[in-house]
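Participant: build me a model from this:
(chains A and B)
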There are 2 protein chains.
Amino acid sequence: MKQIIGRQSLAFERPVYISGYASMVGQKEGEGPLGKLFDIVGKDHFFGEKTWEMAESTLQKEVAQVAIAKAKLESWQVRYVFAGDLLEQLIATSYGLADLQIPLFGLYGACSTIGEGLSLAAMNVSGGFSEYCLALTSSHFGSAEKQFRNPLGYANQRPLSATYTVTGSGAFVLGGTSGKCKIGGITTGKIVDYGVEDSMNMGASMAPAACDTIYQNFIDFNRNPKDYDRIITGDLGYVGQEILIKLLKDKGYDISNQHMDCGIEIFNRETQDTHSGGSGCGCAAVTLAALIMPKIEAGEWKRVLFVPTGALMSKVSFNEGQTVPGIAHGVVLEHNREN
Amino acid sequence: MKQIIGRQSLAFERPVYISGYASMVGQKEGEGPLGKLFDIVGKDHFFGEKTWEMAESTLQKEVAQVAIAKAKLESWQVRYVFAGDLLEQLIATSYGLADLQIPLFGLYGACSTIGEGLSLAAMNVSGGFSEYCLALTSSHFGSAEKQFRNPLGYANQRPLSATYTVTGSGAFVLGGTSGKCKIGGITTGKIVDYGVEDSMNMGASMAPAACDTIYQNFIDFNRNPKDYDRIITGDLGYVGQEILIKLLKDKGYDISNQHMDCGIEIFNRETQDTHSGGSGCGCAAVTLAALIMPKIEAGEWKRVLFVPTGALMSKVSFNEGQTVPGIAHGVVLEHNREN
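Facilitator: Have a look, this model is predicted:
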């Protein structure tokens, strides 16, 4: 089993490619720096639905269809879907993907879920268990605020360390035959708990998990930061970015030239009042689809380490005084010249 | 890719075995018909913790250790854990498994999660991505009532169609080399929505999903009910069992001689006041470990179709008037003579 690399990584023997992908976001994300790069931008946060939860389901439904179409497939050709969201019991996913009628594996990895989904989907294709499968996640500012903090109508004030949940969904069709972006390997994260108890500072709780996964990726693949054109975390934001760079410096790796964070890229800090940056499991997914994938496909970036990060907590765990552990799942994305 | 069978199934080319397994339950489950078969029975519902949520985490922590020990492994030899629970944002799993320090894939499939976990873990081993991995789920009566319905102190009355959430956790170590129980294949479920809106009648909402998966298993593998010694659903209970048997009869298959349900087996209907039966994603997991696995290993049952069933809903979806869709994941378990 020579594809098992080091302690936590895989380098796939049978290649896996991203054959199609799509992103859909809300109005605010459309007004941000990446606005023109998304496939669909809604006029508001509701997408024609009456509740935030149903709006989030609609995001998933539409983005799945676009991604499948862009891969030049019909939905029956997609054998499995690996999907999740932030809501309790994954209701955005359950109501969003029911109509697809594709066998479903429901996932929860907080904001790291698109990393989890891409990892499992890549194993699925590489293992010969499907010709094509779909990885997809979503988040929604309104449904997430209600779920984790307070309903929007309460007009809760957010500290500067807080991030702003992205309203968006990103979907990726994986296949074994062709694509300009190859999934070269994965480094799967463990739960990392540094004892942060402030649920309004998720960057601080997730940075140690990101550090752990990136460090392990370097060790397992015998690489250093220069082997990647970019190392892109999910939603550490400005606060978490600083911590991550410091933690990795302490371990002997300087990633300050390679590091980017989807949560930093997606909003304009000066004009959009989003404090430490964007977050939510839609954040990394839509940034991957809109910003990262095109640059890899064009060969501008040859190899990227994509590391969505999740803060593992709930209202109940917060109320019971628990810490906020983190998890981060690394996916190595490589430009594929052959196609 | 000849291991891809029909529309929704896999028959693994490289064999996968269950090398170790364990179950741990609360006091009430210990007093039920399967009481003597569990590895650990707690004296109460708290297992030494102060909250139900931490009690559920403790169940996961302890049962994982026992399963790994029974597989004659150290935890570092287990490369991945596939785990989930019913609580919002999977907090029982996050706090329960952090100490293991094994790369984690968090799963949510409501009460079908052990079927989802075994399926993904089996693909993982068969695909050559690990030598050993762990599939594990839990549920807890106290944490689930608080999550889905009302806190226990509210003394809510439960209708006769309701099921009683099992306090328990079951864990399974999968490996590619040896074991008296082989995972012969899987049939992965789609979301099935018959429009049931009564969250106190989950059997009715899950029975159509179980029917869909079992029917597809027969078609994909070209089998009929007699090809299985038992067809065992997760937690349909008495209400759901009747519906499932009728739905499959309408499709031309009579499973009344083969059907069993973990929710029916785990409690004594006459004496334990559990109405339609047990439920929760611990229910199918502990019944598999305590009752089903020993019979397969002994050769008393040569082939079992194990079909954990999940009702996909949350407090929010219920309050917003949504239906309760179901999902069911089938796992074919076979006695392995060679070991």
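
Participant: quick one, strands of the stretch 101-250 of chain A?
Facilitator: Remark: strands assigned in the stretch 101-250 of chain A by DSSP state E, counting those that start in this stretch are A:104-106, A:132-139, A:164-165, A:168-175, A:181-187, A:230-233.

Participant: so which of those strands is nearest B:C281?
Facilitator: strand A:104-106 (11.6 Å; Cβ to Cβ). Heads up, the C-betas are built off the backbone N, CA and C, glycines and all.

Participant: neighbouring strands - and their directions - for the closest one?
Facilitator: Strand pairing for strand A:104-106, using DSSP bridges, gives strand A:80-84 (parallel).

Participant: what residues does the stretch 101-250 of chain A put near chain B?
Facilitator: Proximity of the stretch 101-250 of chain A to chain B, by Cβ under 8 Å from any Cβ of the partner chain, involves residues A:101-110, A:116, A:119-120, A:123-124, A:126-131, A:146-147, A:188-191, A:193.

Participant: so where do the helices sit in the stretch 51-200 of chain A?
Facilitator: Counting by DSSP state H, counting those that start in this stretch, the segments of the stretch 51-200 of chain A that form helices are A:52-70, A:91-97, A:113-126, A:141-148.

Participant: what residue ranges in chain A score low on pLDDT?
Facilitator: For chain A, residues meeting the criterion pLDDT under 70 lie at A:1, A:338-339.

Participant: let's have the helices of the stretch 51-200 of chain A in JSON lines, adding mean neighbour count.
Facilitator: Below are the helices of the stretch 51-200 of chain A laid out as JSON lines (neighbours: other Cβ atoms under 10 Å in any protein chain shown):
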{"stretch": "helix A:52-70", "mean neighbour count": "24"}
{"stretch": "helix A:91-97", "mean neighbour count": "28"}
{"stretch": "helix A:113-126", "mean neighbour count": "30"}
{"stretch": "helix A:141-148", "mean neighbour count": "22"}
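
Participant: and the ones you listed as JSON lines, adding distance to B:S94?
Facilitator: Listed next are the helices of the stretch 51-200 of chain A as JSON lines, based on distance: least, Cβ to Cβ, whole Å:
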{"stretch": "helix A:52-70", "distance to B:S94": "22"}
{"stretch": "helix A:91-97", "distance to B:S94": "19"}
{"stretch": "helix A:113-126", "distance to B:S94": "13"}
{"stretch": "helix A:141-148", "distance to B:S94": "14"}
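
Participant: is it correct that A:E131 is in contact with A:Q77?
Facilitator: Yes: counting by Cβ atoms under 8 Å, A:Q77 is a contact partner of A:E131 at 7.1 Å.

Participant: may I see the buried residues of stretch A:224-240?
Facilitator: Within stretch A:224-240, the residues that count as buried by 16 or more other Cβ atoms under 10 Å in any protein chain shown are A:225, A:227-240.

Participant: can I see the domain layout of chain A?
Facilitator: As recorded under automatic domain parsing, the domains making up chain A are A:4-175, A:181-335.

Participant: can you give me the end-to-end span of the last one?
Facilitator: In this case it means domain A:181-335. 5 Å (Cα to Cα, to the nearest Å).

Participant: can you name the residue of the stretch 1-150 of chain A nearest to chain B?
Facilitator: In the stretch 1-150 of chain A, the residue that lies nearest chain B is A:G127 (2.7 Å; Cβ to the nearest Cβ).

Participant: that residue - how many residues pack around it?
Facilitator: The tally of other residues near A:G127 (other Cβ atoms under 10 Å in any protein chain shown) stands at 27.

Participant: partner residues bridging A:G278?
Facilitator: Assigned bridge partners for A:G278, using DSSP bridges, are A:Y164.

Participant: how much space between the residue nearest to A:V25 when sequence neighbours are not counted and chain B?
Facilitator: With sequence-adjacent residues excluded and distances taken as Cβ to Cβ, 6 or more residues apart in numbering or on different chains, A:V25 is closest to A:G168, at 3.8 Å. Counting by Cβ to the nearest Cβ, to the nearest Å, the separation of A:G168 from chain B is 19 Å.
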